[in-house]
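K.L.:
need a structure here:
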Amino acid sequence: MKNIFCCFLIFFGAAVFCAAEGIAEESRKGKEKVEMSYAFGMVVASDLVETGLEFNYNSFIRGFREVLEKQETRYTMEEAMDMIQAAYEAAQTRIGDRNREEGEAYLAENGKRSGVITTSSGLQYEVISQGNSSQEGGEKPGPQDTVQVHYRGTTLDGNEFDNSYERGEPVEFPLDGVIRGWTEGLQLMSVGSTYRFVIPPNLAYGSRGAGSAIGPHSTIIFEVELLAIVRPPEDDE
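P.N.:
Below you'll find the model as predicted:
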């Protein structure tokens, strides 16, 4: 009897241990699902925040669940996509109108500052430092030239969207292959100079914008250092 009782205790203990292990495993899996779901929500929201769309959370969750659980949905997927597209275009129009107004106000005030020059196209520039380079005898690049630059780009609120200094490597590009504000502005500079450009949307990325950082009709700011005019190597005679 004693041996049977001991065996029972061992068996019962093993069963309790296995049950506890199973509960712990289910708990772990449940926690992982909770954490993954939260992370997924963060990623989806991050992708959507720049669209300018506003959401009713209850309806959002209902549509999400009905698709995942294969329930009957209120709209077809085609109808849903059409609704989203229309809402997105309306939101981008609102954002573009706001960006345009903010840009015009900024350009008007910035143009009053001492040292800021506004060209006939609307480009504004300010000399931060004037180069005294011997390269090309101080020659400025032409519209077909390739240049080497360092630069830092920000939106009007100071949000930095690009910085070649941080990457530790200058950039080379032909002046006829970039936005109009750069094409015009770089031709004003001599090698070694650093200028600050305020570029209105018609000379930048216009109604399209550029990625999530530069919205439609955005006025943007670049601080540009002209390092060199890149000349093709001459063929040996």
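K.L.:
Kindly list the single helix or strand of the chain that scores lowest on mean pLDDT.
P.N.:
helix 2-49 (a mean of 63; mean pLDDT, DSSP states H and E).
K.L.:
Convert the next helix or strand after that one to CSV, retaining C-alpha atoms only.
P.N.:
Counting by DSSP states H and E, the next helix or strand C-terminal to helix 2-49 is helix 57-68. Listed next in CSV are the C-alpha coordinates belonging to helix 57-68 (Å, rounded to 0.1, in the frame of the first residue of the first chain):
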residue,chain,number,x,y,z
TYR,A,57,-11.6,53.4,-33.3
ASN,A,58,-14.7,51.2,-32.7
SER,A,59,-15.4,51.1,-36.5
PHE,A,60,-11.8,50.5,-37.2
ILE,A,61,-11.7,47.5,-34.8
ARG,A,62,-15.0,46.1,-36.1
GLY,A,63,-13.8,46.1,-39.7
PHE,A,64,-10.5,44.6,-38.6
ARG,A,65,-12.1,41.8,-36.7
GLU,A,66,-14.8,41.0,-39.3
VAL,A,67,-12.1,40.5,-42.0
LEU,A,68,-9.8,38.4,-39.7
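K.L.:
What mean pLDDT does helix 57-68 get?
P.N.:
Taken as a whole, helix 57-68 has a mean pLDDT of 89.
K.L.:
Kindly report the same for stretch 168-188.
P.N.:
On average, stretch 168-188 scores 96.
K.L.:
can you give me how far it is from the chain middle?
P.N.:
20 Å (Cα atoms, centre = their mean, to the nearest Å).
K.L.:
Now do the end-to-end distance for that stretch.
P.N.:
With Cα to Cα, to the nearest Å as the measure, the first residue of stretch 168-188 is 25 Å from its last.
K.L.:
ok, residues contacting that stretch?
P.N.:
Here stretch 168-188 makes contact (Cβ atoms under 8 Å, 6 or more residues apart in numbering) with 119, 121, 123, 125, 140-151, 164, 195, 197, 199-200, 202-205, 222, 224, 226-227, 230. C-beta coordinates here come from the backbone N, C-alpha and C atoms, glycine included.
K.L.:
Got a PyMOL select line for the buried ones in these?
P.N.:
Selection of buried members from those for PyMOL, criterion 16 or more other Cβ atoms under 10 Å:
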select buried, resi 123+125+140+141+145+146+147+149+150+151+164+195+197+199+200+203+204+205+222+224+226+227
